[in-house]
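Chemist: Sequence plus predicted model, see below.
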Amino acid sequence: MREHRLGDIIDDFCVKCKRVMNHAIVSLLGAEPAKVRCRTCYGDHDYRREQPPPPKVDPRKQALFNEVLAKVDPAAEAVVSAEPTPVAAPEKKPRRKAAK
């Protein structure tokens, strides 16, 4: 592997485009790229080595979901099923005619 220089084009995961795109090296830290600029959207970000950021999980929402799940089915302890459960369609109310 050759040494990187400022302005070299490398592939990296773009946080704005949400894809692996061409990037230009903006700054170096030692021999490794530190900051890169996407050549598609021109957004600057840290070099991510083509790895997307981990998904954000809100612990409050997860705790609430587990609490509701425990009330519905006490046997299922904080386990999310792979198959979605079918939901009954709501009853339709007859439409009222508009007054003239």
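Modeler: In hand now; what should we look at? Residues are numbered from 1 along each chain as shown.
Chemist: Surely D8 is in contact with S27?
Modeler: No. D8 is not in contact with S27 according to CB atoms under 8 Å; the separation is 11.9 Å. Where you see a C-beta, it was placed from the backbone N, CA and C, and this is true even at glycine.
Chemist: Can you classify the residue nearest to R48 when sequence neighbours are not counted by secondary structure?
Modeler: Sequence neighbours aside, F13 is the residue nearest to R48 in space, at 4.9 Å (criterion: CB to CB, 6 or more residues apart in numbering). When classified by DSSP: H, G, I helix; E, B strand; the rest coil, F13 comes out as strand.
Chemist: before we move on, what about V26?
Modeler: strand.
Chemist: list the contacts for the residue lying closest to it once chain neighbours are set aside?
Modeler: Leaving aside its sequence neighbours, V26 sits nearest to K35 (CB to CB, 6+ apart; 4.4 Å). By CB atoms under 8 Å, 6 or more residues apart in numbering, the contact set of K35 is I25, V26, S27, D44, H45, D46, Y47.
Chemist: list the contacts for the closest residue to R19 other than its chain neighbours?
Modeler: Excluding the flanking residues, the one nearest R19 by CB to CB, 6+ apart is F13, at 7.2 Å. Residues near F13 by CB under 8 Å, 6+ apart: R19, V20, M21, R48, E50, Q51, P52, P53.
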